[in-house]
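>>> below: sequence and its predicted model.
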Amino acid sequence: MAVGMKRLAVITLALFASSPALARPASKGWFAEGGLGAVTFLPSASGDAAPGPALNLRVGRDLFSWFSLGIGLAASSHEATVPAPPEGEWFQIYRASADGRLGGRLDRIALFIEGGAGFAMISSNVLGKVMITEPGENFSVVFHAGAGFEYQIENRHYAFGLAVDGFLLPNFDAIRALDSRVYLRYTY
Amino acid sequence: MRAAIASFASLTCSLAACSNDPVYVSCVPSDPGAVSICTNVDMRGGIEAGVDDGMGGLAIAQTSLPLPIELETMLDAQARANRAAELMLDVPYVKVGDIEVSVEWRITNLTDQEGEVLIQLNGANEYWAYDPVMAAVGLDEDEPQPPGLEGDVPLHIAANGTLTGLFREDQLREASIDLDQITRGNVNPFRATLTISKNATEFAQVTPQAYDANGEPLPQDTTGIVYPREAFAQIVRVDLVFKPDRHMRLEYTVRVRDLRGIMHELLDAAMVEAPDELTVFEPMIYVPPAPPA
């Protein structure tokens, strides 16, 4: 009997510990995120474009505690490593997309998966030499999906996050890349 | 949908300042089935020289790349005609400052011996083409031969080695102005190429070179015609002369920053897909007045 009571107490304690009432408070509603990171191309484009720094901005709204919608802008800069000449030339990829994010919180840690679609623009035709872009082609549809986690600090408006998204540019010879970033989130 | 994409494009462009983004015109056709925009190049977009030419010398190679420039709009043509009437001068369609051009090149030594190579840059604007070989017509072989517009510096290259280099934007700007000075301005090629004119705001036309009975050049006077910078003609065709001392290969790409938006968006592919939308320039070959025989 005493053993049974002890088990019940442990289970109750565990349930309390994971209940939202004891989780670190976090705001919910409109939010904005700003992130820095890197974009790394996957084969077959990895030989023609080097990894480069990336900047991400995202705004959106938490519709539920477990689902949010957002729109994001991202820019990354890369050295073209196509057969010379040209040599040491850089190009930029700009992306704009709408996305949805599904997730849940465990106290101060939130885990999520996300996915979306939008448009991307490449700044030059330097990858045309390896047939990644076609003549006159600067725009592509972009699809992206990924996952990440957030750490909620004591101030309920702020959280830090780490995320990795893979994206696909079907019009640019279906090149694929990974966008990894750390970001700061502010929820109003 | 098209309007939405256009709006998105213009918004993105304005955010990203993409009017300043470079485009690359390569001798490798952007469509595998198309013809290269460059002259004299092989299937891989390069030229080779330095082999025995069969006459006891070494073969040199020349190649040209005409820039794919779209047709002038009626509005631009009218504005240009008005400006030409005001200045009482020919105002070119493609002016210095409309585009910024640079040329990236790579030379491969195909032998197992170290060697030297010269690469010379010439070109044509919409009025005149400058070729030092033609400019030397009538000159004594012992006389200094007319220079190229840029380059012609001996470069050392290791056995089986590669060497990359660049004719910078400011060098192409200088070459454009030198070409205009030589052709429309009648300036001596040596003087034009040995003076720095890339920041010049104007140049004065001088009388064509004349010679006395002994073949000595006479002084040139100004004609009173002054070309302002807004009437300087830009090089629209890049010519390279490749002079290695052994078997070597040259590949190059022309990089253009299209500040005015006059390059055809399809670039070299426009030759096949939209040839009617390209401006065909037919410059005359510059031949200076020859001294009396």
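Happy to help now that I have it. Computed from a prediction, not measured in an experiment: that's the story for all the values here.
>>> quick check: which ranges of the chain have low pLDDT?
All of this is about chain A. A:1-23 (pLDDT under 70).
>>> switch to chain B, that's the one I care about
Along chain B, segments meeting pLDDT under 70 span B:1-19, B:32, B:138, B:293.
>>> and the helices in it?
Ranges of helices in chain B, per DSSP state H, are B:2-16, B:74-87, B:132-135, B:169-183, B:189-194, B:270-273.
>>> ranking those helices by mean neighbour count, which comes first?
helix B:169-183 (a mean of 24; mean count of other Cβ atoms under 10 Å in any protein chain shown). Yep, even glycine has a C-beta here, placed from its N, CA and C like the rest.
>>> which helices and strands sit right next to that helix?
Under the contact definition 3 or more Cβ pairs under 8 Å, 6 or more residues apart in numbering or on different chains; DSSP states H and E, helix B:169-183 sits against strand B:99-109, strand B:115-124, strand B:128-130, strand B:150-151, helix B:189-194, strand B:202-206.
>>> ok, and what's touching it?
B:96, B:100-103, B:121-125, B:127-128, B:130, B:135, B:149-150, B:167, B:187-189, B:192-193, B:196-198, B:200, B:203, B:227, B:232-235, B:238, B:257, B:286 (Cβ atoms under 8 Å, 6 or more residues apart in numbering or on different chains).
>>> which strand runs longest in chain A?
What stands out as the longest strand in chain A, according to DSSP state E, is strand A:90-106.
>>> flag every buried residue along that strand.
A:91-97, A:99, A:101, A:103, A:105 (16 or more other Cβ atoms under 10 Å in any protein chain shown).
>>> same thing with stretch A:76-89?
Under 16+ other Cβ under 10 Å, the buried positions of stretch A:76-89 are A:76, A:78, A:80-82, A:84-87, A:89.
>>> the helix or strand hosting residue A:113: which residues count as buried?
Counting by DSSP states H and E, the element that carries residue A:113 is strand A:109-122. Neighbour-count burial for strand A:109-122 flags A:110, A:112, A:114-116, A:118-122 (criterion: 16+ other Cβ under 10 Å).
>>> who is residue A:162 paired with across the strands?
Residue A:162 forms beta bridges with residue A:149, residue A:182, as assigned by DSSP bridges.
>>> thinking again about what came up before, any idea which of the helices and strands packed on helix B:169-183 gets closest to chain A?
Closest approach to chain A among these (Cβ to the nearest Cβ): strand B:99-109, 3.8 Å.
>>> so that closest one, near chain A or not?
Yes: using Cβ under 8 Å from any Cβ of the partner chain, strand B:99-109 reaches chain A at B:104-106.
>>> tell me which parts of the stretch 51-200 of chain B are close to chain A?
B:104-106, B:164.
>>> if I look at the closest residue to residue B:72 other than its chain neighbours, how far off is chain A?
Excluding the flanking residues, the one nearest residue B:72 by Cβ to Cβ, 6 or more residues apart in numbering or on different chains is residue B:93, at 5.1 Å. To chain A, residue B:93 is 22 Å away according to Cβ to the nearest Cβ, to the nearest Å.
>>> tell me the residues of chain A that contact chain B?
So chain A meets chain B at A:75, A:84-87, A:89, A:92, A:94, A:96, A:119, A:121, A:123-126, A:128-129, A:131, A:134-136, A:138-139 (Cβ under 8 Å from any Cβ).
>>> quick check: the gap between residue B:262 and chain A.
With Cβ to the nearest Cβ as the criterion, residue B:262 and chain A are 15 Å apart.
>>> who does the closest residue to that residue other than its chain neighbours bridge with?
Among residues not flanking residue B:262 along the chain, residue B:69 sits closest, at 5.4 Å (Cβ to Cβ, 6+ apart). Legend: beta-bridge partners of residue B:69 under DSSP bridges are residue B:263.
>>> next: residue A:53.
residue A:38.
>>> give me every residue that touches residue B:93.
B:69, B:72, B:76-77, B:80, B:126, B:262, B:279.
>>> can you get me a residue count around residue A:24?
The number of residues packed around residue A:24, counting by other Cβ atoms under 10 Å in any protein chain shown, is 15.
>>> just to revisit the earlier point, which of the residues of strand B:99-109 next to chain A are buried? Put it as a PyMOL command.
A single PyMOL command is used to select the members of these judged buried by 16+ other Cβ under 10 Å:
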select buried, chain B and resi 104+105+106
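>>> with the residues of strand B:99-109 next to chain A in mind, which one is nearest to residue A:146?
residue B:104 (36.4 Å; Cβ to Cβ).
>>> quick one on the thing from earlier: parallel or antiparallel, which strands does the longest strand of chain A pair with?
strand A:67-79 (antiparallel), strand A:109-122 (antiparallel).
>>> a markdown table please, covering the residues of the stretch 51-200 of chain B next to chain A and showing distance to residue B:222.
What follows is those, written out as a markdown table (distance: Cβ to Cβ, whole Å):
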| residue | distance to residue B:222 |
| --- | --- |
| B:104 | 39 |
| B:105 | 38 |
| B:106 | 43 |
| B:164 | 43 |
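>>> for residue 53, what are its contacts?
No chain was given, so I picked chain A. By Cβ under 8 Å, 6+ apart, the contact list for residue A:53 reads A:36-39, A:76-77.
>>> chain B was what I was after
Residue B:53 neighbours (Cβ under 8 Å, 6+ apart): residue B:59.
>>> ok, it to residue A:107 distance?
81 Å (Cβ to Cβ, to the nearest Å).
>>> ok, residue A:114 next?
For residue A:114, the distance to residue A:107 - Cβ to Cβ - is 21 Å.
>>> one more: residue A:130?
For residue A:130, the distance to residue A:107 (Cβ to Cβ) stands at 48 Å.
>>> what do you get for residue B:121?
67 Å.
>>> who has more neighbours, those two?
Using other Cβ under 10 Å, the more surrounded residue of residue B:121 and residue A:107 is residue B:121, with 21 against 13.
>>> hang on, that one packs against residue B:166?
No: counting by Cβ atoms under 8 Å, residue B:121 does not reach residue B:166; the two are 10.8 Å apart.
>>> how about residue 25, what does it touch?
You didn't pick a chain, so chain A it is. residue A:156.
>>> ah, no, chain B please
B:37, B:65, B:67-68, B:253-256, B:267-268.
>>> closest one to residue B:85 out of those, please.
Of the contacts of residue B:25, the one sitting nearest to residue B:85 (Cβ to Cβ) turns out to be residue B:67, at 27.1 Å.
>>> please name the nearest non-neighbouring residue to that closest one.
Using Cβ to Cβ, 6+ apart, the closest residue to residue B:67 is residue B:236 (5.1 Å).
>>> OK, contacts around the residue lying closest to residue B:257 once chain neighbours are set aside?
In this structure, residue B:257 finds its nearest non-sequential neighbour in residue B:100, 4.2 Å apart by Cβ to Cβ, 6+ apart. Going by Cβ under 8 Å, 6+ apart, residue B:100 touches B:169, B:172-173, B:256-257, B:259.
>>> ditto for residue B:157
B:107, B:109, B:114-117, B:163, B:248.
>>> rerun that using 6 Å as the cut-off
Contacts for residue B:157 (Cβ atoms under 6 Å, 6 or more residues apart in numbering or on different chains) come out as B:109, B:115, B:117, B:163.
>>> quick check: the second one touching residue B:243?
What it means is residue B:115. No: the pair residue B:115 / residue B:243 is not scored as a contact, 11.1 Å apart, by Cβ atoms under 6 Å.
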